[in-house]
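Enquirer: From the sequence below, what's the structure:
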Amino acid sequence: MAAISRAQLLRELLPGLDALFGMEYNRYENEYAEIYTESSSERSFEQDQKITGFQTAPVKQEGAATLFDTAQEGYTATYVMETISMGFALTEEAFEDNLYGQLSARYSTELGRALRNTKEIKAMVPFNNGFTALASGGYGVGDGVPLFSTAHPQVAGPTISNRPTVAVDLNETSLEAATIQIAKWTDDRGKLINARVRKMIVPVDNQYVATRVLDTQLQPGTANNDVNAIRVTAAVPEGFAVNHYVTDPDSWYLGTDVPNGARYFNRVPVSQKTDGDFDTGNIRVSQRERYSFGFSDYLAIWGSPGA
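Expert: Got it, this is the predicted structure:
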């Protein structure tokens with residue numbers, strides 16, 4: 001195990017430096033909290049089970065028998081806890097001879113930033129891999145198709161879609177079409193559900209488009225005086241959130257009010273360990289946490305990869 005020694009910190013052993021820079025940047029943190037509902041976990045994995053209700057009740061003719069329907073189980077969403085851990089080691093001499101503050105404290109803070117960066121990246125895996133075929137490493141919820149699919153299977157058939165048939169960029173027309181599509185969603189037995197858009201999620205590249213589509217008083221991109229119907233009807237009541245860890249620059253997503261969608265299971269909160277190596281005298285610091293991100297109900301999200 002390599003340790004940070006005085007050879008890597010030569011200037012920090014000499015007087016005369018006015019500042020150390022390169023790690024004290026502001027960060028994009030906790031962006032996943034705009035999307036995921038957090039739950040604690042006490043197991044190596046968690047599972048959510050989809051169940052189906054009854055079909056639309058038929059008319060009973062006089063003297064006919066009452067129809068007795070049955071219930072079924074659908075797919076199972078599984079969350080496997082991952083362990084995220086990293087550390088560093090300092091030689092005794094580097095620790096003793098550094099002239100500019102506590103080395104271990106400085107690098108411990110940076111270690112925390114590294115783990116938080118991994119968490120933000122992990123949280124967006126379902127989005128960044130959600131349009132890819134499962135055989136190619138795409139992310140799915142357990143029903144055999146990617147998270148964003150035009151063919152999520154349903155017990156009663158036909159399939160249901162949470163993406164456009166043809167990928168489209170974000171604009172007024174495509175957003176109106178998406179909200180209409182969501183309003184027509186049904187449950188597994190074909191009954192309409194009252195699913196409503198809650199919030200839009202966009203990469204940084206799409207933030208100005210989202211502002212024009214959602215926040216202008218009049219219809220965007222035209223010279224007429226038509227109102228911006230999306231704004232007037234509060235079609236996206238919570239506005240939009242920019243997520244800097246979305247990798248597709250023209251993708252865009254709509255979170256709905258369907259429950260049990262985006263889930264974050266916190267198995268072991270981040271913790272730090274510090275010890276000394278008896279043989280070398282090196283100071284070792286490590287941080288570790290365990291968690292899992294994913295989706296249970298795909299109807300909690302709608303997405304387009306952009307044209």
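Enquirer: what about the closest residue to Lys191 other than its chain neighbours, distance to Thr186?
Expert: Closest residue to Lys191 apart from its sequence neighbours, by C-beta to C-beta, 6 or more residues apart in numbering: Thr56 at 5.9 Å. For every residue, glycine as well, the C-beta is placed using N, CA and C. Separation of Thr56 from Thr186 (C-beta to C-beta, to the nearest Å): 10 Å.
Enquirer: where does the chain dip in pLDDT?
Expert: Screening the chain residue by residue with the criterion pLDDT under 70, one finds the ranges 1, 3-25, 98-104, 218-219, 221-225.
Enquirer: residue boundaries of the helices in the stretch 101-250 of the chain?
Expert: Secondary structure of the stretch 101-250 of the chain (DSSP state H, counting those that start in this stretch): helices at 103-123, 125-128, 172-183, 207-215, 229-232.
Enquirer: name the helices or strands packed onto the last one?
Expert: Looking back up the chat, that one is helix 229-232. Using 3 or more C-beta pairs under 8 Å, 6 or more residues apart in numbering; DSSP states H and E as the contact criterion, the elements in contact with helix 229-232 are helix 172-183, helix 207-215.
Enquirer: what about Val80, how many residues close to it?
Expert: Neighbour count of Val80, defined by other C-beta atoms under 10 Å: 11.
Enquirer: The residue nearest to it when sequence neighbours are not counted: how many residues sit nearby?
Expert: Using C-beta to C-beta, 6+ apart and skipping the chain neighbours, the partner closest in space to Val80 is Phe45 (4.8 Å). Other residues lying near Phe45 total 12 when counted by other C-beta under 10 Å.
Enquirer: What of Glu42?
Expert: Counted with other C-beta under 10 Å, the neighbours of Glu42 add up to 8.
Enquirer: Asp188 reaches Gln154, doesn't it?
Expert: Yes. Taking C-beta atoms under 8 Å as the contact criterion, Asp188 and Gln154 are neighbours in contact, 4.7 Å apart.
Enquirer: Ranking the helices of the stretch 101-250 of the chain by mean neighbour count, which comes first?
Expert: helix 125-128 (a mean of 20; mean count of other C-beta atoms under 10 Å).
Enquirer: got a list of contacts for that one?
Expert: Outside of helix 125-128, the residues that reach it under the criterion C-beta atoms under 8 Å, 6 or more residues apart in numbering are 139, 147, 201, 243, 245-248, 251, 253, 262, 293-295, 303.
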